[in-house]
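Trainee: Quick one, what's the 3D model for this:
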Amino acid sequence: GNESRIPLIAADTDSVKRGAIAALGVSYKGLGEQAGVIVARILKGEKPGDIPSETAKVLELFVNPAAAQKQGVKLSDEFIKSAKVVVK
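Mentor: The predicted structure is shown next:
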């Protein structure tokens, strides 16, 4: 992305540390809490097969302004401030 000035956006937040401009990924803490609620329902007697599947409810934005600059992208201050993690 840097050499070709092609913006790299990822779903894996660890990719932002390695040069992606941004990633909107799963909050593993939130996912664990969400799973805990389901486990509690099962422990209270609810049948696992009766519980609908879920996707992650909490997502986190990670951004890397330096990578954005190298890839020819200007990130707004508002966008950067909205991130949970800003990689420097």
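Trainee: Please, where are all the strands along the chain?
Mentor: 9-10, 22-26, 59-63, 85-86 (DSSP state E).
Trainee: Of all these, which one comes closest to Glu78?
Mentor: strand 59-63 (11.5 Å; CB to CB). From N, CA and C alone the C-beta is placed, and that goes for glycine too.
Trainee: how many degrees apart are the closest one and strand 22-26 in direction?
Mentor: 160 degrees (axes from the mean of the first three to the mean of the last three CA atoms, to 10 degrees).
Trainee: before we move on, the earlier item: mind checking which of the strands of the chain is nearest Ser76?
Mentor: strand 59-63 (10.5 Å).
Trainee: which strands and helices sit next to that closest one?
Mentor: Applying 3 or more CB pairs under 8 Å, 6 or more residues apart in numbering; DSSP states H and E, we find strand 59-63 packed against strand 22-26, strand 85-86.
Trainee: Tabulate the strands of the chain (CSV), appending distance to Gly36.
Mentor: Below are the strands of the chain laid out as CSV (distance: least, CB to CB, whole Å):
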stretch, distance to Gly36
strand 9-10, 27
strand 22-26, 15
strand 59-63, 18
strand 85-86, 24
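Trainee: want to throw those strands into CSV with mean neighbour count and mean pLDDT?
Mentor: Converted to CSV, the strands of the chain look like this (neighbours: other CB atoms under 10 Å; pLDDT from 0 to 100):
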stretch, mean neighbour count, mean pLDDT
strand 9-10, 16, 95
strand 22-26, 20, 95
strand 59-63, 19, 97
strand 85-86, 15, 98
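Trainee: Nearest to Glu3, out of those strands?
Mentor: It's strand 9-10; of the strands of the chain, that one is closest to Glu3 (CB to CB) at 16.9 Å.
Trainee: Check which helices and strands the closest one sits against.
Mentor: Using 3+ CB pairs under 8 Å, 6+ apart: strand 9-10 touches strand 22-26.
Trainee: what distance separates the strand it packs on from the centre of its chain?
Mentor: In this view, strand 22-26 has its centroid 3 Å away from the chain centroid, taken as CA atoms, centre = their mean, to the nearest Å.
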